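S.K.: What would the 3D arrangement of this be:
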Amino acid sequence: QVQVVESGGGLVQAGGSLRLSCTASALTFDRYAMGWFRQAPGKEREGVSCITWTGSLYYADSVKGRFTISRDNHKNTMYLQMNSLKPEDTAMYYCAAGLFYRGCYRDNFNYWGQGTQVTISS
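M.R.: Model prediction:
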């Protein structure tokens, strides 16, 4: 049974940093595109950053230059380094794995974690 587990969320002040981790099990990790999505209260879940099995990257405009996505296929783990955090980054962050990647959209991802809360205070 595939499991996707996020960690690393928390409460930080604006301008601070956090590093999210996502570990996936029971799947051939290096065959999957991986993505980070976030959902703030009352808003749609949006794609933050995705990385394909070949290493191609996508970043939402709102996080370009501040967030960095990476993956370690040997550890079945993906990371999201978040710097210069802003209050508008506050959301539940979800990790997802998708086998047939056609862009950083939630419909392209099959397996989801339970989410980790990121809260940025002003």
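S.K.: Which element, helix or strand, includes residue 80?
M.R.: strand 77-82 (DSSP states H and E).
S.K.: got the contact list for that strand?
M.R.: 17-24, 34, 36, 48-49, 51, 63, 66-72, 89, 93, 95, 118 (CB atoms under 8 Å, 6 or more residues apart in numbering). All C-beta atoms are positioned from the backbone trio N, CA, C, and that covers glycine.
S.K.: at 7 Å what do you get?
M.R.: Applying CB atoms under 7 Å, 6 or more residues apart in numbering, the contact partners of strand 77-82 are 17-23, 34, 36, 49, 51, 66-71, 89, 95.
S.K.: Buried subset of those residues, written for ChimeraX?
M.R.: A single ChimeraX command selects the buried members of the contacts of strand 77-82 (16 or more other CB atoms under 10 Å):
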select :18,20,21,22,23,34,36,49,51,67,69,71,89,95
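S.K.: Helices along this protein, start to end?
M.R.: Read by DSSP state H, the chain holds no helices at all.
S.K.: Tell me what the residue nearest the centre of it is bridged to.
M.R.: Centroid-nearest residue in the chain, with CA atoms, centre = their mean: residue 36, separated by 2.0 Å. Beta-bridge partners of residue 36, counted by DSSP bridges, are residue 49, residue 95.
S.K.: Would you confirm that it contacts residue 97?
M.R.: No - look at residue 36 against residue 97 with CB atoms under 7 Å: they stay out of range, at 11.3 Å.
S.K.: Let me know the outermost residue of this structure.
M.R.: For the chain, the largest distance from the centre (CA atoms, centre = their mean) belongs to residue 122, which lies 22.5 Å off.
S.K.: Not counting sequence-adjacent ones, nearest residue to it?
M.R.: Spatial nearest neighbour of residue 122, excluding adjacent residues (CB to CB, 6 or more residues apart in numbering): residue 87 at 4.8 Å.
S.K.: Find me the pLDDT at that neighbour, would you?
M.R.: With respect to pLDDT, residue 87 scores 97.
S.K.: Please list all residues in contact with it.
M.R.: Counting by CB under 7 Å, 6+ apart, residue 87 makes contact with 14, 120, 122.
S.K.: For those residues, give me TSV that also has pLDDT.
M.R.: Below are the contacts of residue 87 laid out as TSV (pLDDT from 0 to 100):
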residue	pLDDT
14	98
120	98
122	93
